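[1] with the sequence up front, the predicted model follows.
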Amino acid sequence: MATVTEPDIALTASAAARVAAIAAKQAKPAILRLSVEGGGCSGFQYKFGMADAPADDDLVVEKDGVRLVVDSISLDLVRGSQVDFVDNLGGAHFAVTNPQAASGCGCGTSFSI
């Protein structure tokens, strides 16, 4: 497990607060896992889930006591990104602003490079 620097991937205060709230409600550690899988309408899709602990090959970003973990393969596809939590009329969800994405779908959960 290695800790990545802020330019590699960032977690906003809003996202950290939401992860902390979910973790407290579920009585789990405040660890959000971001991974990238093949699929979705644009080729790749973001997948979020709560984790019990970082894996040995995970890279970790900490913000306000919350950890974001990303496996090394996924990190290559999201390097430079920011993970935020958005709550608006369209719904509440984690969102990734990925500077590597050449295009994305309307829902914001899939992208292509």
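    That came through fine.

[2] buried stuff in the longest helix belonging to the chain?
    If you go by DSSP state H, the chain has its longest helix at helix 13-26. Residues Ala15, Ala16, Arg18, Val19, Ala20, Ala23 are the ones in helix 13-26 that count as buried (16 or more other CB atoms under 10 Å). All C-beta spots, glycine's among them, are computed from the backbone N, C-alpha and C.

[3] what mean pLDDT does that helix have?
    On average, the pLDDT along helix 13-26 is 95.

[4] check which helices and strands that helix sits against.
    Applying 3 or more CB pairs under 8 Å, 6 or more residues apart in numbering; DSSP states H and E, one finds that helix 13-26 contacts strand 31-39, strand 43-50, strand 58-63, strand 66-71, strand 81-88.

[5] got a markdown table for these, with mean neighbour count, mean pLDDT and distance to Thr97 too?
    As requested, the helices and strands packed on helix 13-26 are exported to a markdown table (neighbours: other CB atoms under 10 Å; pLDDT from 0 to 100; distance: least, CB to CB, whole Å):
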| stretch | mean neighbour count | mean pLDDT | distance to Thr97 |
| --- | --- | --- | --- |
| strand 31-39 | 18 | 87 | 12 |
| strand 43-50 | 16 | 86 | 11 |
| strand 58-63 | 19 | 91 | 14 |
| strand 66-71 | 22 | 94 | 14 |
| strand 81-88 | 17 | 90 | 5 |
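
[6] could you redo those as JSON lines and give each row distance to Leu11?
    Formatted as JSON lines, the helices and strands packed on helix 13-26 follow (distance: least, CB to CB, whole Å):
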{"stretch": "strand 31-39", "distance to Leu11": "8"}
{"stretch": "strand 43-50", "distance to Leu11": "12"}
{"stretch": "strand 58-63", "distance to Leu11": "4"}
{"stretch": "strand 66-71", "distance to Leu11": "4"}
{"stretch": "strand 81-88", "distance to Leu11": "5"}
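
[7] tell me which of those strands lies nearest to Ala95.
    strand 81-88 (4.9 Å; CB to CB).

[8] name every strand pairing with that closest one and say which way it goes.
    In the sheet, strand 81-88 lines up against strand 9-11 (parallel), strand 91-97 (antiparallel) (DSSP bridges).
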